[in-house]
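*Asks:* sequence and predicted structure, then a few things I'm wondering about:
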Amino acid sequence: MAATPDQPATTTPRRKAGRHRGEGQWAVGHHTPLNGNEQFKKDDDGLNVRTRIETIYAKHGFDSIDPNDLRGRMRWWGLYTQRKPGIDGGKTAILEPEELDDRYFMLRVRIDGGRLTTAQLRVIGEISQEYARGTADITDRQNVQLHWIRIEDVPAIWEKLEAVGLSTTEACGDCPRVIIGSPVAGIADDEIIDGTPAVDEIHDRYIGNKEFSNLPRKFKTAISGSPVQDVVHEINDIAFVGVVHPEHGPGFDVWVGGGLSTNPRLAERLGAWVPLDEVADVWAGVVGIFRDYGYRRLRNRARLKFLMADWGPARFRQVLEDEYLKRPLIDGPAPEQPSSRWRDHVGVHRQRDGRFYVGFAPRVGRVDGSTLAKIADLAAAHGSDRLRTTVEQKMLVLDVAEDRVDSLVAGLEALDFQVKPSPFRRGTMACTGIEFCKLAIVETKARGASLIDELERRLPNFDEPLTININGCPNACARIQTADIGLKGQLVLDADGNQVEGYQVHLGGALGLEAGFGRKVRGLKVTSDELPDYVERVLVRFREEREEGERFAAWAARASAESLS
């Protein structure tokens, strides 16, 4: 489904206003909890669990943890129980939570704006090696996730993180999650406006603040003044996109109500221009609307996108102005189309100060603690103290002198991080998958890494921008609906009728140019073993059938079912 910035595509139809009855909206007086999640949040704020972790659970161990803390409030401090090893995907939806829970945790380190110093990255690497069996994954929301964390070690980990200015505060939970930002904010020569001050103001004023620590569901924020539009603004609850107002100059266009999962929806413009120094106030107004008017009855309808679907942008903006800001917003222009088909900043690029930043590609975001420490040391040895993560599971080293670039590139490639990667290495993402995630049905990380290797071997001359996103379940953490080739994990039947790991295929999704969701061809599913053959076959047909200059997404939208099978 194609869309423009003025009228994004949506799979959620607009509903008539007035769905407040029975939806648990606080603003109309419905404060009685309507499900278990709302009850435990009312019983005790999620932020309060830190004290119990430090004084009780870390001292007495896993068995001392209250169930509502274990599978609820501990998320407000970045902790999820991970999947018990050996449980196959067929049991994901059958077993009770306590049967899926391992006695270890995933810990998410919050990295607002993707900004890291070499000291911070080195500490994450050290924590990974000492407490997380060397695990570390760069996520598609600029965070780093560690696994195999024992509750006994959490206070020591927090102490090490906070000593270098990092935290896990509200990294998960029904609260404002990490604020994603342009990884080249403040340094890119073509930047419209630097959103860093707004990221910092929101973080300092509101993260860890109980004003917004009990939302209906998670709340995702994106801020970027880059013309590349590098923060997937179309699928966040709120996004501020850099634009130039004809009278007021550089500022931000406001988008609200995006999100994926099983009911994907693209954000819509409010049509308002916001100056840099008002971003935090507008952000707080939108979060306030979500807190007060958001649907709390059903978890699967509690995201902001459902309220936006019912209200529409005109009513949403009116409520924001009248009830929260107490003033009108300035009408403003829509963003231009993205200035590049790649939005990950991989490669060598000149900064506005004459130095360079170098973007490089791990395999599907998977790294390890030892390697993170080596990256920090390598950056420092080349005169850099600043690194960035991206929403494409990539990393950047900033502030490199021109005469040090080649040496840095060589050092990164020696660690198997490519600065000039193939389209397959550059464009393939994968979620955590069944290795650690309790919601997953299939494996993803290793499958993605092996798929990259196979495609590089089979199609060495393929040079078109291409995204392949692999997800272990329907929840779309890896953004399957917006990829050229999106792969949703599920159990399928092989040629012999055996139930095996496989994927439902989505084709032709996109963000930026003609944003919309991928096409599902009836009955199109592939087993994990068949995946390299299938992707190779589809890409060969694309090259044979495409018109001059045609993108994969455009071809997939018009291709026959036979060409896509």
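*Replies:* On my side now, so go ahead.
*Asks:* state the distance from residue 147 to residue 131.
*Replies:* From residue 147 across to residue 131, the span is 10 Å (CB to CB, to the nearest Å). C-beta here means a position set from N, CA and C on the backbone, and glycine is covered the same way.
*Asks:* scratch that, residue 220
*Replies:* 27 Å.
*Asks:* pretty sure residue 129 sits against residue 372.
*Replies:* No - the criterion here is CB atoms under 8 Å, and residue 129 misses it with residue 372 at 9.0 Å.
*Asks:* the two: which is more packed in?
*Replies:* residue 372 (26 against 17; other CB atoms under 10 Å).
*Asks:* show me what contacts that one?
*Replies:* Residue 372 is in contact with 121, 122, 124, 125, 128, 136, 144, counting by CB atoms under 8 Å, 6 or more residues apart in numbering.
*Asks:* go again using 10 Å as the cut-off
*Replies:* Contacts for residue 372 (CB atoms under 10 Å, 6 or more residues apart in numbering) come out as 116, 121-129, 134, 136, 138, 144, 387, 395.
*Asks:* quick check: it vs residue 124, distance?
*Replies:* Going from residue 372 to residue 124 by CB to CB gives 6 Å.
*Asks:* now swap in residue 104 and tell me
*Replies:* Counting by CB to CB, the gap from residue 104 to residue 124 is 18 Å.
*Asks:* look at the residue most central in space within the chain and report its pLDDT.
*Replies:* For the chain, the residue nearest the mean C-alpha position is residue 141 (3.3 Å; CA atoms, centre = their mean). Residue 141 is assigned 97 on the pLDDT scale.
*Asks:* double-check that it belongs to a helix.
*Replies:* No - with DSSP: H, G, I helix; E, B strand; the rest coil as the criterion, residue 141 is assigned coil and is not in a helix.
*Asks:* which residues touch it?
*Replies:* 108, 110-111, 114, 171, 177-180, 220, 222, 231-232, 236, 389-391, 393, 477.
*Asks:* one more time with 8 Å
*Replies:* 177, 178, 180, 220, 391.
*Asks:* residue 86: neighbour count?
*Replies:* Count around residue 86 with other CB under 10 Å applied: 5.
*Asks:* how about it, secondary structure?
*Replies:* Quick answer, by three-state DSSP: residue 86 is coil.
*Asks:* quick check, pLDDT for it.
*Replies:* At residue 86, the pLDDT value in this model is 93.
*Asks:* next: residue 201.
*Replies:* 98.
*Asks:* residue furthest from the geometric center of this protein?
*Replies:* Within the chain, the residue lying farthest from the chain centre (CA atoms, centre = their mean) is residue 496, at 37.2 Å.
*Asks:* what's the neighbour count on the nearest residue to residue 352 once chain neighbours are set aside?
*Replies:* Using CB to CB, 6 or more residues apart in numbering and skipping the chain neighbours, the partner closest in space to residue 352 is residue 189 (4.5 Å). A count of nearby residues for residue 189, using other CB under 10 Å, gives 11.
*Asks:* quick one: contacts for residue 189?
*Replies:* Listed by CB under 8 Å, 6+ apart, the contact set of residue 189 reads 350, 351, 352.
*Asks:* now render these as TSV, adding secondary structure, neighbour count and pLDDT.
*Replies:* Putting the contacts of residue 189 into TSV (DSSP: H, G, I helix; E, B strand; the rest coil; neighbours: other CB atoms under 10 Å; pLDDT from 0 to 100) gives the following:
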residue	secondary structure	neighbour count	pLDDT
350	strand	14	98
351	strand	16	98
352	coil	12	97
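*Asks:* so which of those would you say is closest to residue 425?
*Replies:* Comparing the contacts of residue 189 against residue 425 with CB to CB places residue 350 closest, at 23.4 Å.
*Asks:* beta-bridge partners for the closest one, please?
*Replies:* Counting by DSSP bridges, residue 350 forms beta bridges with residue 356.
*Asks:* out of residue 104 and residue 124, which sits in the more crowded spot?
*Replies:* Neighbour totals were compared for residue 104 and residue 124, and residue 124 leads with 27 against 20 (other CB under 10 Å).
*Asks:* ok, and for the host helix or strand of that one, which residues are buried?
*Replies:* Residue 124 belongs to helix 118-131 when assigned by DSSP states H and E. Neighbour counts using 16 or more other CB atoms under 10 Å place 118, 120, 121, 122, 123, 124, 125, 126, 127, 128, 129, 131 of helix 118-131 among the buried residues.
*Asks:* separation between residue 504 and residue 480?
*Replies:* 9 Å.
*Asks:* close enough to count as contact, residue 334 and residue 243?
*Replies:* Yes - between residue 334 and residue 243 a contact is recorded at 7.3 Å, counting by CB under 8 Å.
*Asks:* higher neighbour count, those two?
*Replies:* Under the criterion of other CB under 10 Å, the comparison of residue 334 against residue 243 puts residue 243 first, with 23 against 15.
*Asks:* you'd agree the more buried one is in a strand?
*Replies:* Yes - Residue 243 forms part of a strand when assessed by three-state DSSP.
*Asks:* ok, it to residue 269 distance?
*Replies:* Taken as CB to CB, the span from residue 243 to residue 269 is 10 Å.
*Asks:* so what sits against both of the two?
*Replies:* Residues touching both residue 243 and residue 269 (CB under 8 Å, 6+ apart) are 253, 334.
*Asks:* ranges for the strands of the stretch 51-200 of the chain?
*Replies:* Per DSSP state E, counting those that start in this stretch, the stretch 51-200 of the chain carries strands over the ranges 79-83, 101-109, 115-117, 135-138, 144-149, 176-181.
*Asks:* right, so of those strands, which gets closest to residue 536?
*Replies:* Nearest of those (CB to CB): strand 135-138, 26.8 Å.
*Asks:* strand partners (parallel or antiparallel) of the closest one?
*Replies:* As defined by DSSP bridges, the strand partners of strand 135-138 come to strand 144-149 (antiparallel), strand 366-368 (antiparallel).
*Asks:* among the ones you listed, which is nearest residue 274?
*Replies:* strand 144-149 (30.1 Å).
*Asks:* the inter-axis angle of that closest one versus strand 101-109?
*Replies:* Interaxial angle of strand 144-149 relative to strand 101-109 (axes from the mean of the first three to the mean of the last three CA atoms, to 10 degrees): 150 degrees.
*Asks:* report the distance from strand 144-149 to the chain centre.
*Replies:* Chain-centre distance of strand 144-149: 16 Å, with CA atoms, centre = their mean, to the nearest Å.
*Asks:* quick one, helices of the stretch 151-300 of the chain?
*Replies:* Using DSSP state H, counting those that start in this stretch, the helices assigned to the stretch 151-300 of the chain run over residues 154-163, 196-206, 279-293.
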